[in-house]
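*Asks:* Quick one, what's the 3D model for this:
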Amino acid sequence: MNFGKPDSLFNYGMKVSIYSDKASEQRGIGWHKDGCNIKYFANGIRRGEEPTLFSPQFYSLTFTYTFAYDQDNVYFAYSVPYTYSDLRNDLQEIESNEARRINLSRRVLCKTLAGEDCEILTITSRDN
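*Replies:* This next block holds a predicted model:
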C-alpha cells in the first residue's frame, strides 16, 4: 500500500509476478505472470511527517490469486526478480561468446560490504 506513482502499468494489463514452489517442482514453472482483478489506485493515505489534504498520496495494489496447491510456498513480486547470480551467469555467457565479448569491457570497481566484486561494465562498439 505504499506505492508512490499516480499511475501504473497494472492499470493497463500488467500482471503480478508469481512463483510457486510446487508448480516449479511438479510442472517446471518458474516465475510467471498471473492474478486477476488487478487494481492500482490512490488509497487516501497521505505522505509526509504531518500530512495535509494537499500532501501526495500513497497508492495501493490489489489482486486476486487462486492457489493451485495445498501446503505450498507462493511468492509475489512487482516484477520478476533478477538476482546477482543471474547477472553473473549472464555475463559469463556473454564472455564465453567471442563475437559478443568483443563489445564488453569488465573490471572490478570496488568490493561490496559483503565482499562481492562490484564491477563496472562498458558495452560499446570497438569500431571507433
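
*Asks:* how about the nearest residue to Tyr69 once chain neighbours are set aside, secondary structure?
*Replies:* Nearest non-adjacent residue to Tyr69, counting by C-beta to C-beta, 6 or more residues apart in numbering: Lys22, 4.0 Å away. Glycine gets a C-beta too; all of them are placed from N, C-alpha and C. Judged by DSSP: H, G, I helix; E, B strand; the rest coil, the three-state class of Lys22 is helix.

*Asks:* The helix or strand of the chain with the lowest mean pLDDT: what's the following helix or strand?
*Replies:* Counting by mean pLDDT, DSSP states H and E, the chain has its least confident helix or strand at helix 98-101, which shows a mean of 86. Using DSSP states H and E, the helix or strand that follows helix 98-101 in sequence is strand 104-111.

*Asks:* Give me the buried positions along that next one.
*Replies:* Within strand 104-111, not a single residue qualifies as buried, counting by 16 or more other C-beta atoms under 10 Å.

*Asks:* Could you export that strand as PDB, CA atoms only?
*Replies:* Taking C-alpha atoms only, strand 104-111 is exported to PDB below (Å, rounded to 0.1, in the frame of the first residue of the first chain):
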ATOM      1  CA  LEU A 104      32.200  -5.800 -23.400                       C
ATOM      2  CA  SER A 105      34.900  -4.400 -21.100                       C
ATOM      3  CA  ARG A 106      34.600  -5.600 -17.500                       C
ATOM      4  CA  ARG A 107      36.600  -4.600 -14.400                       C
ATOM      5  CA  VAL A 108      36.300  -4.500 -10.700                       C
ATOM      6  CA  LEU A 109      35.400  -1.100  -9.400                       C
ATOM      7  CA  CYS A 110      35.400  -2.000  -5.700                       C
ATOM      8  CA  LYS A 111      34.200  -4.600  -3.200                       C
END
